[in-house]
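In: output the structure for:
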Amino acid sequence: MKTLQSGDSGRDVEVWQRFLARIWIGELDTMMLGTFDEATVDATRIFQERQGVEPSGLVDRETIEQAELLGLGNVEALIPKGFSKTAGLALVVLIVAASLLSQCMLSPRGHQVDGRPFDNPRTPGAPPRSACPGWFC
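Out: Numbering: from 1, shown residues only. This is a model prediction of the structure:
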């Protein structure tokens, strides 16, 4: 965990807030989860006072060391690490590409129905053409 101060946000702040709630110093319903707000500063000062650390309200190295003795690592292990923006964008692109590809792979273009081309609109009784976009298939 990195050092934290008022105004910080993100996963590390959420881990710290959940740790404070777990040891009965802070209440999650009074804190804006993931944002190091005034309620988090107050709970941090209380924790520091109880642990004999300078009550600065900052989560510094000494505060983190004291928290690790009380199970900070266990709380951190429970909160999953999130995607980076780049990884999230790559995932969206992958899903869209897979969706388009699956449409074409599952489309009936070129198959035979009773010996007739499935997608020939001139064949009487043939099912309609597939919905697959012509520019892709």
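
In: just give the number of residues close to the residue lying closest to Gln17 once chain neighbours are set aside.
Out: In space, and not counting its chain neighbours, Gln17 is closest to Met31: 5.1 Å by C-beta to C-beta, 6 or more residues apart in numbering. No exception for glycine: its C-beta is placed from N, CA and C like everyone else's. Neighbours of Met31 under the rule other C-beta atoms under 10 Å: 24.

In: and Met31, what does it touch?
Out: By C-beta atoms under 8 Å, 6 or more residues apart in numbering, Met31 lies in contact with 17, 37, 39-40, 43.

In: can you tell me which of those end up in helices?
Out: 17, 39-40, 43 (DSSP state H).

In: how far away is Met1 from Glu76?
Out: 7 Å (C-beta to C-beta, to the nearest Å).

In: find residues that contact each of these two.
Out: Val15.

In: any buried residues in whichever strand or helix holds Val15, and which?
Out: Assigning secondary structure by DSSP states H and E places Val15 in helix 11-22. For helix 11-22, a neighbour-count test (16 or more other C-beta atoms under 10 Å) marks 12-22 as buried.

In: tell me the SS of Glu68?
Out: With DSSP: H, G, I helix; E, B strand; the rest coil as the basis, Glu68 sits in helix.
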